[in-house]
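Colleague: Any chance you could fold what I've pasted below:
(one chain, ligands or ions: 1)
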Amino acid sequence: AQPGAVKPVAAPMRDLTWGQLNFLHTTDTHGWLGGHFQEPQYSADWGDYISFAHHMRHQADEQGSDLLLIDTGDRIEGNGLYDASVPKGLFQYGIYAEQDVDIICTGNHELYQPYSIDREHNTTVPNFKDKYVASNLDYVDPETGHQYPMAQRYRRFKTKNQGFDVIAMGFIFDFTGNAENSFVQRVEDTVKEGWFQDLIREKPDIFVVIGHVGLRMEEFEILFKAMRKENWHTPIAFFGGHAHVRDARKFDSLSFAMASGRYMETIGWMSIDGIKNKKEKEKDKGKDVTIEAVTPTFTRRYIDNNLYGMYHHTGRNESSFDTEHGKRVSKAIDRARQALNLDAKFGCAPQNYWMSRAEYPSKDNLYTLITDEIFPDVIVNEKRRDKPRVALMNTGGIRFDIFKGAFTRDTTYIVSPFISGFRYIPDVPYKVAQKVIDLLNSGGRILSTNGADVRFMAIPEQMYPTPSMMRMEKEDDPHLELRDVQKPLGNDDDDDDGDDDNPPLIGGYTTKDDLGDDGDDTVHKPLDFYMQPNAIQSEIAFPEDGSDPETVDVVFIDFIQPWIIPALQFSGGDYTEDDVQSYMDGTLTYKLSKWISENWKGEC
Ligand SMILES: O=c1ccn([C@@H]2O[C@H](COP(=O)(O)O)[C@@H](O)[C@H]2O)c(=O)[nH]1
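Modeller: Numbering: from 1, shown residues only. Purely as a prediction, here's the structure:
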């Protein structure tokens with residue numbers, strides 16, 4: 001772990017089940033290679049993960065099973081380690097590449113900016129060579145316009161110990177927000193490609209389909225159906241991401257999918273037993289047993305990313321766990337963090353502000369802080385200071401909670417990593433402008449059928465409800481409170497009895513998935529989760545007498561322009577992109593850090 005990170009706490013643990021073929025899975029790490037400094041259960045860093053994987057591979061070798069490492073993208077954006085350097089990712093790419101990942105693919109965050117697409121193309125793909133798979137993603141050379149696969153479309157290889165013949169593919173969901181030097185092919189089109197149709201007729205021992213795809217999105221279903229149509233008997237293991245949730249889904253008795261959370265909080269574990277290799281299948285045929293009889297068994301665990309759990313699962317301890325390689329990488333992270341001055345303090349948060357652990361609006365809710373305190377101060381165009389205005393942003397633009405205490409350079413990027421600034425449409429009749437926020441929050445179908453799916457403004461966890469989310473108690477409450485759903489860990493352990501042999505439960509993920517509710521490796525106390533709106537709004541410089549203004553400036557974070565224009569049109573405003581202007585200089589990230597340094601001056 002990094003110097004200064006809180007130590008993990010003891011907790012009741014569930015063991016890992018090993019099979020013939022085993023996997024460790026990371027996804028949506030978003031630059032959190034240093035781990036979580038303030039949350040004990042997620043405080044291991046990338047160096048620790050390297051040591052962990054080393055011991056687990058060793059264990060696999062000893063027992064003659066296989067272990068593969070998977071990563072399903074969104075490795076960047078969301079932490080100072082990536083975002084604070086110029087150019088972005090100066091240290092991140094090299095540190096990440098120290099882990100020996102066996103199958104790796106791309107996420108949407110690698111594709112938002114031309115720069116990060118180039119880095120993927122000229123750095124990550126060469127770093128991982130034949131391990132990188134890009135089944136529906138092309139790179140487009142900005143100079144020549146030449147379009148070609150970002151990496152190989154699939155990977156076929158034999159596992160080290162069992163000699164399983166594996167065919168692996170790597171997808172990204174049908175993402176449309178990618179920059180022009182990339183091309184994402186819709187999955188429904190990829191499955192019609194000749195190479196795909198030929199491949200799925202092969203008879204490997206197992207297909208491993210990885211993707212930056214939420215398990216409840218349709219892309220994996222399309223792939224599963226296309227594959228099963230031509231290949232009834234080959235097991236398929238899916239690894240997904242993007243939705244930032246722990247989840248597992250069973251497609252049929254031979255196919256299983258898991259997703260492993262976000263931000264280096266979770267390391268996914270899947271094991272498969274009962275896979276038959278070619279020789280065994282032939283033997284069965286001799287005994288007149290048909291190959292239909294192959295029924296693999298799948299298990300999954302969501303490992304909390306901390307050293308207590310890593311010691312537990314490897315049977316090691318403080319003196320026997322670290323490898324030289326792991327220690328070297330932890331040191332490199334520390335050096336990078338210092339070079340980037342990530343601990344530089346901008347201010348002291350007077351309390352915790354939660355994204356979804358507190359209801360919106362409420363005094364502990366981070367979005368309430370933004371609408372009530374930050375926006376009124378920072379959303380100002382000097383020439384239009386006195387003009388009444390509504391200022392809008394999407395809740396997905398905020399990525400993490402603010403904890404009481406030091407708010408650092410690192411925290412700034414953790415909370416607000418994007419480079420979005422503010423635009424506006426001047427002098428919109430208020431009777432038109434006032435309808436926009438409701439359309440963004442509840443006019444889902446109207447906007448979505450017009451190509452602006454409002455789910456994609458919200459935090460990823462809310463985009464595709466999982467079984468955890470379904471476990472609701474107050475179904476008709478607009479600010480739905482969900483009990484027992486997965487939420488990050490809190491230090492609110494009021495059961496502490498100080499008894500280490502029988503550790504008290506600490507708040508954290510209590511995942512429910514298609515296999516049940518015993519997936520988390522750590523038994524947690526559930527935390528509350530409140531659904532948040534897709535977008536929030538401040539009304540600024542409105543008439544003091546409480547009357548409605550005639551017109552307002554509609555100011556919005558640039559990311560939501562594709563929703564704002566149709567919402568204005570549905571509200572009766574005849575606006576197009578041509579009416580949009582820049583409102584002020586500076587990104588949300590910059591405005592936020594400036595506000596904090598001016599307003600949270602206390603000691604911590
Ligand atoms: O510039 C941006 C980019 C993204 N968002 C929000 O993030 C989610 C996607 O998050 P993932 O990590 O890819 O799951 C997107 O739907 C937006 O809500 C943003 O606000 N600004």
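Colleague: CA atoms for contacts and neighbours, from now on please.
Modeller: Will do.
Colleague: Quick check: the residue nearest to Thr408 when sequence neighbours are not counted vs Asp386, distance?
Modeller: Distances taken as Cα to Cα, 6 or more residues apart in numbering place Lys345 nearest to Thr408, at 4.3 Å, with adjacent residues excluded. The gap separating Lys345 from Asp386 is 33 Å, by Cα to Cα, to the nearest Å.
Colleague: same question, Thr395
Modeller: 26 Å.
Colleague: Between these two, which has more neighbouring residues?
Modeller: More crowded of Thr395 and Asp386, by other Cα atoms under 10 Å: Thr395, with 20 against 13.
Colleague: Now do the same contact list for Ala84.
Modeller: Each residue near Ala84 by Cα atoms under 8 Å, 6 or more residues apart in numbering is listed here: 340, 342, 409-410, 413.
Colleague: could you redo the last one with a cut-off of 10 Å?
Modeller: Taking Cα atoms under 10 Å, 6 or more residues apart in numbering, we find Ala84 in contact with 77-78, 90, 337, 340-342, 409-410, 412-413, 417.
Colleague: And the pLDDT at it?
Modeller: What the model reports as pLDDT for Ala84 is 97.
Colleague: Same check on Pro388?
Modeller: 98.
Colleague: tally of neighbours for it?
Modeller: Around Pro388 there are 21 residues (other Cα under 10 Å).
Colleague: And Lys331, by the same measure?
Modeller: For Lys331, the count of nearby residues is 16 (other Cα under 10 Å).
Colleague: Surely Tyr590 and Phe422 touch.
Modeller: No. Using Cα atoms under 10 Å, Tyr590 is not in contact with Phe422, being 11.7 Å away.
Colleague: rewinding a little: pull out the buried members of the contacts of Ala84.
Modeller: 77-78, 90, 337, 340-342, 409-410, 412-413, 417 (16 or more other Cα atoms under 10 Å).
Colleague: The residues you listed in helices, which ones?
Modeller: Among the buried ones among the contacts of Ala84, the residues falling in helices (DSSP state H) are 337, 409-410, 412-413.
Colleague: Just put those residues in CSV and tack on pLDDT and distance to Pro549.
Modeller: Output for those, formatted as CSV (pLDDT from 0 to 100; distance: Cα to Cα, whole Å):
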residue, pLDDT, distance to Pro549
Arg337, 98, 48
Arg409, 97, 39
Asp410, 97, 40
Thr412, 97, 34
Tyr413, 97, 36
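Colleague: and the two most separated of these?
Modeller: Arg337 and Thr412 (13.9 Å; Cα to Cα).
Colleague: list residues touching both of the two?
Modeller: 80, 84.
Colleague: So which residues on the stretch 301-450 of the chain come close to the ligand?
Modeller: 394, 396-397, 418 (Cα under 6 Å from any ligand atom).
Colleague: And for the helix or strand where Gly347 lies, what's in contact with it?
Modeller: Using DSSP states H and E, the element containing Gly347 is strand 345-349. Residues outside strand 345-349 that contact it (Cα under 10 Å, 6+ apart): 402-412, 593-604.
Colleague: Those, buried ones only, as a ChimeraX selection?
Modeller: Command for ChimeraX that selects the buried part of the contacts of strand 345-349, burial taken from 16+ other Cα under 10 Å:
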select :402,403,405,406,407,408,409,410,411,412,593,595,596,597,600
